[in-house]
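# what would the 3D arrangement of this be:
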Amino acid sequence: MASDGDGAAAVAALGISGGGGDDWAPPLRRNLPLLAPHEVELAKLLLSEGQSHLFEHWPEPGVDDDKKRNFFDQVCCLNSSYPGGLASYIQNARKLLADSKAGKNPYDGFSPSVPSGEVLTFGDDNFVLLEEAGVKEARHAAFVLVAGGLGERLGYKGIKVALPRETTTGKCFLQHYIESILALQEASCKLVEGECNTKIPFVIMTSDDTNALTVKLLESNSYFGMEPSQVHILKQEKVACLADNDARLALDPNDKYKIQTKPHGHGDVHALLYSSGLLEQWKSTGRKWVLFFQDTNGLLFNAIPSALGVSATKGYNVNSLAVPRKAKEAIGGITKLTHVDGRTMVINVEYNQLDPLLRATGHPDGDANCETGYSPYPGNINQLILEIGPYMEELQKTHGAISEFVNPKYTDSTKTAFKSSTRLECMMQDYPKTLPPSAKVGFTVMDAWLAYAPVKNNPEDAAKVPKGNPYHSATSGEMAIYRANSLILRKAGAQVADPVIDTFNCQEVEVWPRITWIPRWGLIFKDVKAKVHSNSSVSQRSALVINGKNITIQGLSLDGTLIVNAKDEAKFNVTGHIENKGWTIQHVDHKDTSEKEEIRIRGFKFNKVEQLELNY
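Now for the predicted structure:
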């Protein structure tokens with residue numbers, strides 16, 4: 001605590017003693033002797049930005065003094081964690097709120113066109129070459145997982161990365177991601193002559209909600225085989241809520257000495273990487289690429305090698321992974337925007353903005369499917385590959401600040417009051433908005449069945465999705481993994497039975513054979529093709545789990561459940577006719593509280609009647 005003399009001296013030095021302070025916030029002025037000089041400076045900042053209401057309720061010194069100091073601890077954190085500080089946040093908020101009230105179009109003056117990028121066909125010669133090029137580049141990469149959210153929207157109380165990716169093995173998303181990175185690391189190092197000890201760095205951006213649980217998940221599982229020194233946790237802070245169009249900060253309804261806060265969005269990852277010093281460290285050790293991905297897309301690593309190969313061969317500074325999208329589908333479209341002043345940028349435009357933007361700029365049909373049956377604007381899946389050199393240059397200018405937006409819910413058409421407090425938000429994929437026209441920004445399109453099956457909707461919301469549109473639920477996410485693996489095996493020459501249609505949690509899905517493998521077994525298509533021979537078959541009711549790097553499948557006829565475990569050095573050929581009662585699929589109602597949440601949100605579980613397990 002500052003003494004009265006120290007406080008008074010600090011006040012005088014900062015020029016808010018006397019009449020000005022009385023006019024601004026008398027309760028604060030009376031409490032100034034309690035504050036240290038840096039706290040007085042923060043008080044001055046708040047008053048100069050029109051935030052005197054934060055102090056109106058402050059009682060005389062001697063009452064709640066600790067809470068008053070805690071208030072400034074929070075203000076200090078809010079000020080230091082935002083690029084440019086709280087003053088910038090409030091000023092940005094005022095401008096964006098004024099634009100929102102005026103109904104200003106953020107794309108005013110821009111005309112959309114289809115950008116240039118690569119459209120890949122799984123399994124063809126070009127795809128195979130790009131996968132190999134990507135594996136070669138992987139040792140020069142770093143991976144960044146944006147994992148700040150809980151699974152509440154899914155109907156799951158834990159962190160999303162702890163959810164089972166699929167329930168045949170029960171491996172969670174985080175384990176799959178780490179095993180995939182380690183498989184890339186191993187395969188990439190093998191392509192180097194001589195000894196290669198490269199360790200691919202892995203950053204996880206957490207939040208107050210997920211940080212402790214993420215660390216616990218890693219530590220209790222020995223980092224899933226990754227060296228702890230490879231993993232870096234960066235925790236994002238929340239931002240202040242806004243109470244009105246004047247950007248007055250909102251007080252927490254449960255604590256008058258606290259500013260209400262909410263998440264700022266995954267765009268914070270750029271500022272955190274900038275301030276962490278990791279980018280300089282990576283560049284100095286020969287890193288060329290930073291790959292960003294989100295928490296619950298179980299198919300993502302099917303796309304990483306070939307997309308990284310595209311970045312390397314095309315020289316893209318920014319490469320957005322994308323999937324074909326139907327016109328007006330609820331997924332953003334990657335679009336080239338050209339301003340009347342000549343500026344251009346290639347960015348994600350949200351689906352609800354793309355159609356009106358096209359109609360307003362001479363495209364009477366708006367967002368319409370072309371001759372391919374899809375929109376010419378590919379669907380953004382929020383996975384980015386950035387070239388590290390140009391990325392660092394850009395962050396030197398912006399300090400990682402990303403173009404923000406605000407989405408207040410107004411009480412009525414006058415837009416003068418909010419239903420509840422709002423805040424500024426930012427998105428990771430908006431990074432290209434500030435890039436110069438010389439930047440090489442492109443995209444890589446892959447089939448959705450191969451690369452995109454996010455888990456983000458709870459059973460009730462998924463059941464309301466119009467028929468034919470993706471559910472993006474735990475149910476569809478798991479079934480998509482089996483479909484992708486079945487189709488990959490088919491492409492490699494195996495005979496895999498057609499799926500049957502079933503309904504779980506009111507979602508009609510294709511049920512393929514339950515086929516899974518560890519990333520080290522089938523990292524790229526060339527690996528799978530070398531280990532699977534055309535005289536093998538898998539029936540629809542079968543489950544096949546491959547846990548081993550050097551397992552080949554030749555002359556296998558599977559009708560039931562087979563689990564093959566093999567040590568690294570063990571080479572084993574799976575062959576012959578295997579038939580057993582297998583695992584049946586049992587329906588589970590999402591309201592059945594006798595089942596675990598991760599099972600209820602899927603709507604099914606496996607009844608493990610009989611299996612053959614081979615261990616080598």
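# so what are the domain limits for this protein?
According to the TED database, the chain comprises the domains 9-81, 99-456, 464-615.
# report the distance from the second one to the chain centre.
The chain centre lies 5 Å from the centre of domain 99-456; the measure is Cα atoms, centre = their mean, to the nearest Å.
# what about it, average pLDDT?
Across domain 99-456, pLDDT averages out at 94.
# residue 564 belongs to a strand?
Yes: assignment of residue 564 by DSSP: H, G, I helix; E, B strand; the rest coil places it within a strand.
# contact partners for it?
545, 546, 547, 548, 551, 572, 574, 613, 614, 616 (Cβ atoms under 8 Å, 6 or more residues apart in numbering). Every residue, glycine included, has its C-beta placed from N, CA and C.
# count the neighbours of the fourth one for me.
Spelled out, it's residue 548. Each residue near residue 548 was counted by other Cβ atoms under 10 Å, and the total is 21.
# could you find the closest non-adjacent residue to residue 519?
residue 183 (3.9 Å; Cβ to Cβ, 6 or more residues apart in numbering).
# rewinding a little: now tabulate the domains of the chain in TSV and tack on distance to residue 91.
Shown next, in TSV, are the domains of the chain (distance: least, Cβ to Cβ, whole Å):
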stretch	distance to residue 91
domain 9-81	7
domain 99-456	8
domain 464-615	37
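# to residue 92, which of the ones you listed lies closest?
domain 99-456 (6.2 Å; Cβ to Cβ).
# each with direction, which strands does whichever strand or helix holds residue 232 pair with?
Here residue 232, judged by DSSP states H and E, is contained in strand 231-235. Here strand 231-235 is paired, per DSSP bridges, with strand 202-206 (parallel).
# after the strand it pairs with comes which helix or strand?
Assigned by DSSP H and E, the successor of strand 202-206 is helix 211-220.
# show me the contacts for residue 243.
Contacts of residue 243 (Cβ under 8 Å, 6+ apart): 249, 250, 251, 418, 421.
# partner residues bridging the first one?
Read that as residue 249. Bridge pairing for residue 249 - DSSP bridges - gives residue 242.
# OK, contacts around it?
Neighbours of residue 249 in contact, by Cβ under 8 Å, 6+ apart: 46, 51, 54, 90, 240, 241, 242, 243, 259, 260.
# same question for the third one.
When contacts are counted by Cβ under 8 Å, 6+ apart, residue 251 touches 54, 243, 258, 259, 260.
# kindly report the same for the last one.
Neighbour list for residue 421: 241, 242, 243, 250, 260, 262 [criterion: Cβ under 8 Å, 6+ apart].
# just give the number of residues close to the last one.
It refers to residue 262. 16.
# then the fourth one?
By the other Cβ under 10 Å criterion, the neighbourhood of residue 250 contains 21 residues.
# end to end, how far does stretch 73-88 reach?
One end of stretch 73-88 to the other measures 19 Å (Cα to Cα, to the nearest Å).
# buried ones in that stretch, by neighbour count?
75, 78, 79, 81, 82, 83, 86 (16 or more other Cβ atoms under 10 Å).
# related to what we said a few turns ago, might one say that the residue nearest to residue 519 is in contact with residue 524?
No: if you go by Cβ atoms under 8 Å, residue 183 and residue 524 don't touch, sitting 9.6 Å apart.
# what's the spacing between residue 125 and residue 541?
35 Å (Cβ to Cβ, to the nearest Å).
# my bad, should have said residue 507
To residue 541, residue 507 is 20 Å away according to Cβ to Cβ.
# number of residues surrounding the closest residue to residue 229 other than its chain neighbours?
Closest residue to residue 229 in three dimensions, ignoring its sequence neighbours and counting by Cβ to Cβ, 6+ apart: residue 199, at 7.5 Å. The tally of other residues near residue 199 (other Cβ under 10 Å) stands at 15.
# and residue 199, what is it in contact with?
Per Cβ under 8 Å, 6+ apart, neighbours of residue 199: 185, 227, 229, 230.
# and those residues, which are buried?
Buried members of the contacts of residue 199, counted by 16+ other Cβ under 10 Å: 185, 230.
# from the contacts of residue 199, which two are the most distant?
185 and 229 (13.5 Å).
# can you pull out the strands in the stretch 351-500 of the chain?
Remark: strands assigned in the stretch 351-500 of the chain by DSSP state E, counting those that start in this stretch are 379-387, 404-406, 424-426, 441-445, 495-496, 500-504.
# so which of the ones you listed gets nearest residue 580?
Using Cβ to Cβ, these put strand 495-496 closest to residue 580, at 18.3 Å.
# helices and strands around that closest one, which ones?
If you count contacts as 3 or more Cβ pairs under 8 Å, 6 or more residues apart in numbering; DSSP states H and E, strand 495-496 packs onto helix 474-492, strand 537-538.
# hang on, the earlier thing: which of the contacts of residue 243 lies closest to residue 327?
residue 418 (33.5 Å).
# ok, that closest one - contacts?
242, 243, 244, 408, 409, 410, 411.
# what about it, distance to residue 104?
Where residue 104 is concerned, residue 418 sits at a distance of 18 Å (Cβ to Cβ).
# same question, residue 495
Taking Cβ to Cβ, one finds residue 495 at 58 Å from residue 104.
# wait, isn't residue 27 in contact with residue 54?
No: using Cβ under 8 Å as the test, residue 27 is too far from residue 54 to be in contact (9.9 Å).
# more crowded one of those two?
residue 54 (22 against 14).
# any of the contacts of residue 564 buried? List them.
545, 546, 547, 548, 551, 572, 574.
# tell me which of those has the lowest pLDDT.
residue 572 (89).
# what about it, distance to residue 520?
14 Å.
# likewise for residue 44?
58 Å.
# quick check, the residue nearest to residue 519 in a helix?
Yes: according to three-state DSSP, residue 183 belongs to a helix.
# if I pick it, what's in contact with it?
For residue 183, the contact set (Cβ under 8 Å, 6+ apart) comprises 518, 519, 520, 523.
# around the first one, how many other residues sit close by?
Each residue near residue 518 was counted by other Cβ under 10 Å, and the total is 20.
# in stretch 506-525, what's buried?
In stretch 506-525, counting by 16+ other Cβ under 10 Å, buried: 507, 509, 511-525.
# which of the residues you listed fall within strands?
507, 509, 511, 514, 515, 516, 517 (DSSP state E).
# would you check that residue 369 makes contact with residue 326?
Yes: applying Cβ under 8 Å, one finds residue 369 in contact with residue 326, separated by 6.5 Å.
# measure residue 278 to residue 233 for me?
Distance from residue 278 to residue 233, by Cβ to Cβ: 11 Å.
# more neighbours: the two, which one.
Higher neighbour count among residue 278 and residue 233: residue 278, with 19 against 15, using other Cβ under 10 Å.
# please name the nearest non-neighbouring residue to that one.
Going by Cβ to Cβ, 6+ apart, residue 278 has residue 232 as its nearest residue, at 6.3 Å.
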